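1. fold the following.
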Amino acid sequence: MATSEINFTFADREDPAANAPADNTITSAAAATSNAFQTEIPVLDFDATTDENTSWAFRVPSDYSSGGTVILQWCCTGATSGNVVWKCSIYVATASSSDVDTSAAFNAVDTFAADAVPGTAGQFKTSSQALTSPGLAANRFAIVMVGRDANNGSDTAAADARLLSASFQYTAT
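-> Next comes the predicted model:
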């Protein structure tokens, strides 16, 4: 068995009508003069005081065997202390039996452990959380939700949590 991963792109995400994270970009500090290379990175800014979330819909790969872990790379916009608490959940639908437009109920929310903000602004961290995923199987339709649990008592970082990347890791056949 091998580990495989689906990388979620920000262009493919679905935001709810309310409580969506802000789209933003960050630009490297490298000077854009003569032949210097400068990058612009799309990010999602999750508020420090309001729960916000986003989601990605995908077909579970045909080589899916088991598991399901959400992996996030993130940083903070200004805080150099405190903790961020992320949360995630998954909805799984079965062809010809799930009504995705009226009964898309997510599984229980899985909360990441409180993760300390890097002590230096701009440094990123990687956090992961296994999903509670009953019904997850190859070729099914799934939606993964990722959010910041800003009202969690352990979420103490007083700045936006900036999501740099998100992925879904699983065990493949």
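
2. next one: Ser133 from Val92, what distance?
-> 7 Å (C-beta to C-beta, to the nearest Å). In this view, the C-beta of every residue, glycine as well, is placed from N, C-alpha and C.

3. now for these two: what residues contact both?
-> Both Ser133 and Val92 are in contact with Asn107, where contact means C-beta atoms under 8 Å, 6 or more residues apart in numbering.

4. give me the buried positions along the least confident helix or strand in the chain by mean pLDDT.
-> Across the helices and strands of the chain, mean pLDDT, DSSP states H and E gives its lowest value to strand 22-27, namely a mean of 82. Buried residues in strand 22-27, counted by 16 or more other C-beta atoms under 10 Å: Ile26.

5. what's the answer for stretch 10-30, then?
-> Using 16+ other C-beta under 10 Å as the test for burial, stretch 10-30 gives 10, 13, 20-21, 26.

6. chain center to that stretch, what's the gap?
-> 11 Å (C-alpha atoms, centre = their mean, to the nearest Å).

7. need the max-distance pair from the buried residues of stretch 10-30.
-> Ala20 and Ile26 (18.6 Å; C-beta to C-beta).

8. so where's the chain uncertain?
-> 28-38, 97-104 (pLDDT under 70).

9. could I get the full set of strands for it?
-> Ranges of strands within the chain are 2-8, 22-27, 40-46, 52-59, 64-76, 83-84, 86-93, 110-111, 115-116, 125-130, 141-148, 161-172, based on DSSP state E.
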